[in-house]
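# Sequence and computational prediction follow.
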Amino acid sequence: MILRELNENEVGLLKDFLYEAIYIPEGVEPPDRSIIEQPELKIYYENFGTGSADHCIVADDNGVVIGAVWTRIMNDYGHVDDETPSFAISLYKEYRGQGTGTKLMREMLALLKEKGFHSASLAVQKANYAVRMYEKVGFKTVDENDEEYIMVCEL
């Protein structure tokens, strides 16, 4: 497996990974795929590559993209200010729990630092097992609501 930047012709994969990123608690029916067409979710992929903080790194397993981490400055759930890119990360289910997400996160944090950003943010459901991974790579909870933590990583 290699980590590499997303190719321009692969931007459509962000829709798949956005759907995969939706946290679905145990025993809850997954939403219809059309959910990613809602305005509050389209901001994660619409016109991707046009903003200064639009970056994407994928995990490529013998020519198959199995996971992606991407950032952009957007008014999403994890938005803290207009200078801080928000994270989205997702892996196909069968590839989770093997350290790939952590590698993707570390690679993206290094890239953002190299590009001159000072911090990155994200929102995560409190019950999501990924909270531990985010803490492991340096994210700290700066705010919360009933359902989510808002986390920031200083670069």
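Here it is on my side, so go on.
# What pairs with the helix or strand containing residue 57, parallel or antiparallel?
Per DSSP states H and E, residue 57 falls inside strand 55-61. Here strand 55-61 has these sheet partners by DSSP bridges: strand 2-5 (antiparallel), strand 64-72 (antiparallel).
# contact partners of stretch 34-48?
Identification of contacts with stretch 34-48 by C-beta atoms under 8 Å, 6 or more residues apart in numbering yields 11, 14-15, 18-19, 22, 54, 56, 70, 72, 74-76, 88. All C-beta spots, glycine's among them, are computed from the backbone N, C-alpha and C.
# Ends of it, what's the gap?
Its first and final residues considered, stretch 34-48 spans 19 Å by C-alpha to C-alpha, to the nearest Å.
# sorry, back to before: dump the strands paired with strand 55-61 into JSON lines; add mean neighbour count as well.
As requested, the strands paired with strand 55-61 are exported to JSON lines (neighbours: other C-beta atoms under 10 Å):
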{"stretch": "strand 2-5", "mean neighbour count": "12"}
{"stretch": "strand 64-72", "mean neighbour count": "22"}
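# can you give me the strands in this protein?
2-5, 55-61, 64-72, 86-91, 119-125, 140-144, 148-154 (DSSP state E).
# Ok, which of these comes nearest residue 27?
Among the strands of the chain, the nearest to residue 27 by C-beta to C-beta is strand 119-125 (14.8 Å).
# what about the closest one, average pLDDT?
Taken as a whole, strand 119-125 has a mean pLDDT of 96.
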